[in-house]
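>>> okay, here's the prediction I keep looking at, along with the sequence it came from:
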Amino acid sequence: MSSAMDRALMEMSLEEKDEPFEMPDLPEFLSCERNKLSLIGRVLNPSCQPMKHLIRNIPRKWQKEGRVTGISLTSERFQFIFDSKHDLEDVLPKGVHTYNDWSIVVDRWYENPPDDYLRFMLVWVQIWNIPVNYYTEKAITKLGDLIGEVKEVVFNPVEPQLHEFVRVNVLFDVSRPLRRSKVINFKNGDTATVRFHYERIQKRCYECQRLTHEKDLCPILIKERQDKASARRQGISIPKAPPPSVLQESDPLFGVLKESQVGVDPNTGRPRIAPEVLEGMRQYLRVANDEERSIRVDQVIKSVRDAEKDPFTQKTVLQLEALPIVHHDMLREKGVVFDYDRGDSSSHNGGLNLNSSLRLEESTQSKDARDWLTEPVNSLASKDVGCFLALSQPFPVSSTVYSPGLFESDSTGTIRKKVKQRNRPPNHARKLKLKDPSSIFVDHSLKEGSTSGTKDKRKAVDMGPSAAKIFKLNPKLVVPNEGPSKA
């Protein structure tokens, strides 16, 4: 036994390589047909979104229990396979999805997903305090580009606008912070502050406004504290590192374009010129000889300068982004805004404040309809998307919230009220109270000398036992026309 083990140890070599396993490319090994009716998702804050609870509760929140199967792929990614295409198409366009008050990113399954898969999500953004002289489609689109690539703009300059904001649908990068406001400068020296509200986005980091962590775990705040602590110990200040340059000396575009033209725009977080366009410019300059190079350099500089004059040309030609779709449906996919700063926000008490959204829609109705015969309209039957949010929550009412009616508050939550029973004796112990049948015909006349319309209080008068009850209780009495009783 020991000799065989020694030979096995001698045959082992540290230079052996572990060859990878080749998966058979056969139909019975693939699940692509089943995955066609599935969604792939990603949680943004894994510490607050346990995967096993998400797989169990999300079908109930989507109202698809029994018609969808959840699969935990990793600690951050999951898959939901639907039984029908209708359920899949019903869940996907509902905007931002949340679990445990934190956002999640969902998208269709792709056999070969792109590199930025599950990095972007569509968000409806409300733009407030737009300057009155800039209520145009292009100005609104440019303001929406500060958040992400604008896909839709809800704007109609012909019809009256009943809301104090304009809605845009943007493709938001979840690795970037949510911009709450932006200061705008004008040529005449004036400034204005535009505010942004995000529909259906609930919790975020209060320090950096990102959707991936809480404030206590914010890496920016932790790094700042560590740097300050080390600076205090060493007695020096650490300067901020400059951003890396995009154009190197070996780049054909070095000296042709400025760093401010090709770098990342700090307002949008996206490159000012797409990498595909820069690569095309490099190829255009490489194929030219020394005599023709100067002419092509001038053409590149002139074309970039002309495109930067028009924001829409810069968006389509340099950044390769599609123009947004403009429509007039103000309530399309409208969601609730969770504002953590205003006093009337529902986020302070942990519930959904649907009254604010319902009051907003009620204010749009005509004030001339004052017919008191008209029945009041049920507010929950209105076409408000917030109603769907309330219905889609797994537990819309907390057990510790007091609600009037048949329930009452208790130290352990809300319990059913105890109905106070009447203290009446049982039937066999009750005393029989006999009355004279003729007493019901007594005329209660008005009292003489009293005010017209008043009567004396009727008092109970003992007129003897009732004849009907006497006959019923005493069967030995003589029955008329029957003779004496045989009892």
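Arrived safely.

>>> going forward, measure contacts between C-alpha atoms and count neighbours the same way
Noted.

>>> quick one: buried residues of the longest helix along the chain?
For the chain, the longest helix by residue count, based on DSSP state H, is helix 290-309. Buried positions in helix 290-309, judged by neighbour count with 16 or more other CA atoms under 10 Å: 296-297, 300, 304, 307-308.

>>> quick one: mean pLDDT for it?
Taken as a whole, helix 290-309 has an average pLDDT of 84.

>>> so which residues of this protein form strands?
Assigned by DSSP state E, the chain shows strands spanning 38-43, 68-72, 77-82, 97-99, 102-108, 120-128, 149-154, 165-173, 181-185, 191-198, 325-327, 407-410, 413-416.

>>> thinking again about what came up before, which neighbouring elements make contact with the longest helix of the chain?
Identification of packing neighbours for helix 290-309 by 3 or more CA pairs under 8 Å, 6 or more residues apart in numbering; DSSP states H and E yields helix 275-286.

>>> got a list of what N267 touches?
By CA atoms under 8 Å, 6 or more residues apart in numbering, the residues touching N267 are L146.

>>> for it, give its distance to L143.
10 Å (CA to CA, to the nearest Å).

>>> same question for L217.
From L217 to L143 the distance is 31 Å (CA to CA).

>>> what's the answer for R7, then?
Separation of R7 from L143 (CA to CA) stands at 75 Å.

>>> on that earlier part again, tell me which of L217 and L143 has more neighbours.
Neighbour count, other CA atoms under 10 Å: between L217 and L143, L143 has more, with 19 against 12.

>>> gap between that one and E137?
Counting by CA to CA, the gap from L143 to E137 is 10 Å.

>>> what of E292?
For E292, the distance to E137 (CA to CA) stands at 42 Å.

>>> and what of M5?
M5 sits 80 Å away from E137, going by CA to CA.

>>> for these two, indicate the residue with more neighbours.
The residue with more neighbours, out of M5 and E137, is E137; 15 against 10, by other CA under 10 Å.

>>> name the nearest residue to the more buried one, sequence neighbours excluded.
Once flanking residues are discounted, E137 sits nearest to F155: 7.0 Å by CA to CA, 6 or more residues apart in numbering.

>>> pretty sure the one you found contacts Y135?
No: counting by CA atoms under 8 Å, F155 stays clear of Y135, with 9.2 Å between them.

>>> of those two, which one has the most company?
F155 (20 against 13).

>>> contacting residues for that one?
For F155, the contacting residues are 137, 166-167, 326-328, 330, by CA under 8 Å, 6+ apart.

>>> domains in this protein, by residue range?
29-108, 259-321 (automatic domain parsing).

>>> same list (the ones you listed) but as TSV, adding distance to K182.
Listed next are the domains of the chain as TSV, based on distance: least, CA to CA, whole Å:
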stretch	distance to K182
domain 29-108	23
domain 259-321	9
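
>>> what sits against the residue nearest to L146 when sequence neighbours are not counted?
Counting by CA to CA, 6+ apart, L146 lies nearest to T268, which is 4.6 Å off, once chain neighbours are set aside. By CA under 8 Å, 6+ apart, the contact list for T268 reads 145-148.

>>> pLDDT below threshold where in this structure?
In the predicted model of the chain, residues 1, 9-16, 237-241, 339-419, 432-487 satisfy pLDDT under 70.

>>> quick one, helices of it?
Ranges of helices in the chain, per DSSP H, are 2-11, 32-35, 51-61, 85-91, 137-144, 219-234, 259-262, 275-286, 290-309, 311-313, 354-362, 385-392, 467-473.

>>> got the buried residues for the second one?
Across helix 32-35, burial judged by 16+ other CA under 10 Å covers N35.

>>> which residues sit against it?
81, 109, 111.

>>> alpha carbons only: can I get that helix in PDB?
Output in PDB follows, covering the C-alpha atoms of helix 32-35 (Å, rounded to 0.1, in the frame of the first residue of the first chain):
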ATOM      1  CA  CYS A  32     -32.300  28.800 -25.000                       C
ATOM      2  CA  GLU A  33     -35.900  27.900 -25.900                       C
ATOM      3  CA  ARG A  34     -37.000  28.200 -22.300                       C
ATOM      4  CA  ASN A  35     -35.000  31.400 -21.700                       C
END
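
>>> what's the neighbour count on I81?
Around I81 there are 19 other residues, counting by other CA under 10 Å.

>>> pretty sure it is touching V68, no?
Yes: in this structure I81 lies within contact range of V68 using CA under 8 Å: 5.5 Å.

>>> what are the neighbouring residues in contact with C205?
When contacts are counted by CA under 8 Å, 6+ apart, C205 touches 211-215, 218.

>>> reformat the residues you listed as JSON lines; add distance to R233 and neighbour count.
Shown next, in JSON lines, are the contacts of C205 (distance: CA to CA, whole Å; neighbours: other CA atoms under 10 Å):
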{"residue": "L211", "distance to R233": "33", "neighbour count": "23"}
{"residue": "T212", "distance to R233": "31", "neighbour count": "24"}
{"residue": "H213", "distance to R233": "29", "neighbour count": "21"}
{"residue": "E214", "distance to R233": "28", "neighbour count": "19"}
{"residue": "K215", "distance to R233": "25", "neighbour count": "17"}
{"residue": "C218", "distance to R233": "23", "neighbour count": "17"}
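
>>> so can I have JSON lines of those showing distance to P46?
Output for the contacts of C205, formatted as JSON lines (distance: CA to CA, whole Å):
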{"residue": "L211", "distance to P46": "11"}
{"residue": "T212", "distance to P46": "8"}
{"residue": "H213", "distance to P46": "9"}
{"residue": "E214", "distance to P46": "11"}
{"residue": "K215", "distance to P46": "15"}
{"residue": "C218", "distance to P46": "14"}
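
>>> F78 against R56, yeah?
No: counting by CA under 8 Å, F78 does not reach R56; the two are 11.7 Å apart.

>>> same drill for those two, tell me which one is more crowded.
For F78 versus R56, neighbours defined as other CA under 10 Å are more numerous around F78 (20 against 14).

>>> okay, and the beta partners of the more buried one?
On the basis of DSSP bridges, F78 is bridged to G41, S72.

>>> K142 versus that one, what's the distance?
Per CA to CA, F78 is found 35 Å from K142.
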